[in-house]
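Undergrad: Below are the sequence and a predicted model; questions follow.
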Amino acid sequence: MTGARRPAIRTPDQRIRVFVSSTLRELAPERAAVRTAIERLRLAPVMFELGARPHPPRELYRSYLAQSDIFIGIYAESYGWVAPDETVSGLEDEYNLAPPGMPKLIYIKTLDHRDPRLDTLITRIRDDDTAAYLPFTTPDDLADKVAGDLATLLAERFDESREYDAIAGEDIDLSAASGSLTARVPVPYTTTIGREREISDIRELLRRREDRVVSLIGPGGIGKSRLGIEVARASDDLFRDGVYFVPLEGVLEPGLLLPTIAFTLGIRDNGEAALEERIAHALADRQVLLVLDNFEQIVTAAPVLVGLYTLAPDATFLVTSRVVLRIRGERVYEVDTLPPPEASAPATLERARRSPACALFVDRAASAKPGFELTDDNAGDISDICRRLDGLPLAIELAAAKTRMLAPRQIAQRLEQSLPLLTAAVRDLPDRHRTMRATIDWSVGLLPEAQREMLEDLGVFARQFTLDAVEALGRGRSWDGTAIESLAALVDASLVKQVDNRGRAVFSLLAIVREYAIGRLKDNGAADRMRAAHADYYSGLVARIAPDLGGRGQAEAVAQLELELPNLRAAVRHLIYIDRLDDAGAFAWNLLIYWWIAGFFAEVRLWMLELLDKQHPISQHTRAVAWFFALWGEMWQHPSEQVVAGLGECLRLFTESGDDDAAAMVLAARATSRVQFSSLDVDKAESELRRAVVRLHDLGNHWAEAITEVSLGRLCWVTGRTDDALTHFVTAYEIADAGGDLFTSSVAGNLRARLTFSLGDVGASEEWFVRTLMLSIRLHYEEGVAYGLEGLCAVAAARGDAWRAGALATAAETIRHRIGVFDVEAFTVHPAHLARVRAEDPASVAAGEASGRELTLTEAVALALPRVDDPAAEDALRSW
């Protein structure tokens, strides 16, 4: 509030807010105890929970303090972190920013030692007549004192308010009270988590007053209303004449917008003048903010706002809506989900702590189950839950509520079918938020029939999709020919999200919306038809892209397929599900090179075994494809005479079906399988590999020719012919490089680097490790990145850089564990050198390994390559 005001006792809907200031980790138990004490009195704690930032969020401190009523400071030993270019810690900053007239309750932990700067602050507080302070010993002692002091303070204020009423008598200005800046803005019953940046950004938009309408747009359950409330309360000081909150949840007719605003402002409609004119007159020359919450159901009334702000130029509107208003003067602010931990990074306790999505889950879980904490044991499961729910706040809150009955691991498992799990037991939630299904129903019910059908059809897509794919799916559907317009409407309705991926516009559904859509598709009997349409589109896409996988278009082809990977996987499964088995076999075979680069052979093997189990008639070619993929993993992991014989059968089937190219590749694969045997028949293996090289060269399959040269080099290496091995690796690299094949260039170049290193030329090997690492980055080839990190680990170990060697080794190992691909021991060079440097400097290696476990892939590459001189690799790394 601003200006002089009388003391007031608020109802539970207008709860007194208590700002709690302390260091975070040092006083975590005490903070929890104080939060409990405040909430027992039905007051609202205001607490920052996300730790130090590069710069203190002073505007946020100021805003939250401005709309808080009581300041509590808890001080122990630490003065707190001082940000760069700052002179005081956040702890002292918060005390300095607290309004002079705000009641301050200070609690000081009894200790023998304290940071001198904190002692100075405490001395200043003791000299401050506006602050009361007490010592405490334990969290329970602190909670008792906080509860008692707050109760006494409230009783004193209640007595003051009665005295004020007796003096003021009949002269109280009730219109001023009804226009109070914060009285009409609801007080959240729970802590707002992870929205500091958004609150600051939106407050800045409001401060500039360049936009007449700021619209917070996002899907149901993303927290638009909560964000609007927090922005309103944080913007108290920007609007001298008041902030008004106008709930539109129950307003279903556009014509009721003006009457609802008028009622909120206290304007009577006596029929003597148009309501729009009366509102405009009341707002004239007044700097006010009107928060219009849940505007989507009356979006056709949006032009009314243009009329209002034209007549009242000092009024600003903050709107929350699932649909863009599309009016003049509107600034759209997309409300995003809360970031969960990166899927590609190790699921550590520290990463979970830094994730706003995980922080929200833990906070709400602790409310449902007192004592619940984030631990090493549950950090991975909580991270998984938040990723499965796409960081959607309402879904996270509903999932966290289940911790009363289920452990995080059980919740994560049950989120395979998330909608049935996500049901709220909280009785005072709005009906549209009681379950996620109701939340989505609320949005879908606002759509025309054709757009509803389009949303259901989009459920057949996996994760993200392109406009071309949507248009192909629409043939024969009610929205056929209107794909762009209908998709734009769904984007505006916050049911579909549009993002830019490497310069291409792609679309996606939240996982929960996708589940809802496919459920509706099954209910109306159109699921198989849409599966077939989906599979047809992606089969055609694969047929167009596949020829580029072996040559100069490889990087672009892999990038496009990576973009479509979830849909490629879905398309194969659709084809098998609807018994188009030959089509499924052709689809899988066309992508052989991509499955290798992406590391998906294990999954393809399962598809092919499922295909063979169908017991439906299939062509010889399809049977050969299915058996080849089924045997691929066995060829590397469990080589045997049975695997060699199975590949021989594939060779026969491909030959009889007329596919000479495939037959030559299987001949090379069979020979490679022989190489894995402990009792190696060198002559037979080498003979088959050389025959395969000649046949592949004659057929013009230079990708397979180069990769077979790699196999010849490996065979020579294990049999001790290192000069011949190096010759084959060089040949393979030259063939691949000439054809623009980044994949085989990376594989051959890395083996060349390893062999060079083993022969003692550390400098030359480092050059090749760096070169092939950059090739792998350009291709998003994670196994190749692991090879490169291991090679540079060997170089670091050879030069005595123990910490760097340990970090790179562990980072590579983390990548391998995540993708499930491990190296052939005979061709590794880093373990022996790492062991040697570990013996010389175990502490540095251990420290490096600890750091390496925390690195994401991009952080590991940054450590390995302080400078990336390849622009294509640099671009690829940024988009990884």
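TA: Yes, it's here. Numbering: from 1, shown residues only.

Undergrad: what's around the closest residue to residue 121 other than its chain neighbours, how many residues?
TA: The shortest distance from residue 121 to any residue other than its chain neighbours is 5.3 Å, reached at residue 92 (CB to CB, 6 or more residues apart in numbering). For every residue, glycine as well, the C-beta is placed using N, CA and C. Residue crowding around residue 92 was assessed by other CB atoms under 10 Å; the count is 22.

Undergrad: residue contacts, residue 92?
TA: Contact partners of residue 92, counting by CB atoms under 8 Å, 6 or more residues apart in numbering, are 79-80, 117, 121.

Undergrad: Can you dump the C-alpha atoms of whichever helix or strand it is part of in CSV for me?
TA: Using DSSP states H and E, residue 92 maps to helix 90-97. This file holds the C-alpha atoms of helix 90-97, laid out as CSV (Å, rounded to 0.1, in the frame of the first residue of the first chain):
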residue,chain,number,x,y,z
GLY,A,90,21.9,-9.9,0.1
LEU,A,91,21.3,-10.3,3.8
GLU,A,92,22.2,-6.7,4.7
ASP,A,93,20.6,-5.5,1.4
GLU,A,94,17.2,-6.9,2.5
TYR,A,95,17.4,-5.2,5.9
ASN,A,96,18.4,-1.9,4.2
LEU,A,97,15.5,-2.1,1.8
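
Undergrad: Could you please name the strands the following helix or strand past it pairs with and the direction of each pair?
TA: Remark: after helix 90-97, the chain's next helix or strand is strand 104-109, criterion DSSP H and E. Strand 104-109 pairs in its sheet with strand 70-75 (parallel), strand 131-136 (parallel), by DSSP bridges.

Undergrad: which one of the ones you listed lies closest to residue 257?
TA: strand 70-75 (37.2 Å; CB to CB).

Undergrad: what about residue 617, how many residues close to it?
TA: 8.

Undergrad: repeat for the one 4 residues further on
TA: Residue neighbour count, defined by other CB under 10 Å, stands at 19 for residue 621.

Undergrad: A strand includes it, no?
TA: No. Using DSSP: H, G, I helix; E, B strand; the rest coil, the assignment for residue 621 is helix, not a strand.

Undergrad: Return the set of buried residues in stretch 188-206.
TA: 188, 191-196, 198-200, 202-203, 205-206 (16 or more other CB atoms under 10 Å).

Undergrad: and it, C-alpha only, in PDB?
TA: C-alpha atoms of stretch 188-206 as PDB (Å, rounded to 0.1, in the frame of the first residue of the first chain):
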ATOM      1  CA  PRO A 188      -1.300 -16.700  -2.600                       C
ATOM      2  CA  TYR A 189      -1.600 -19.400  -0.100                       C
ATOM      3  CA  THR A 190       1.700 -21.000  -1.100                       C
ATOM      4  CA  THR A 191       5.100 -19.800  -2.000                       C
ATOM      5  CA  THR A 192       5.700 -18.700  -5.600                       C
ATOM      6  CA  ILE A 193       8.800 -20.500  -6.800                       C
ATOM      7  CA  GLY A 194      11.000 -20.000  -9.900                       C
ATOM      8  CA  ARG A 195       9.400 -16.800 -11.300                       C
ATOM      9  CA  GLU A 196      11.800 -14.200 -10.100                       C
ATOM     10  CA  ARG A 197      13.000 -13.400 -13.700                       C
ATOM     11  CA  GLU A 198       9.500 -13.200 -15.100                       C
ATOM     12  CA  ILE A 199       8.300 -10.900 -12.300                       C
ATOM     13  CA  SER A 200      11.200  -8.600 -12.900                       C
ATOM     14  CA  ASP A 201      10.800  -8.700 -16.700                       C
ATOM     15  CA  ILE A 202       7.000  -7.900 -16.500                       C
ATOM     16  CA  ARG A 203       7.500  -5.300 -13.900                       C
ATOM     17  CA  GLU A 204      10.000  -3.600 -16.200                       C
ATOM     18  CA  LEU A 205       7.400  -3.700 -19.100                       C
ATOM     19  CA  LEU A 206       4.900  -2.000 -16.800                       C
END
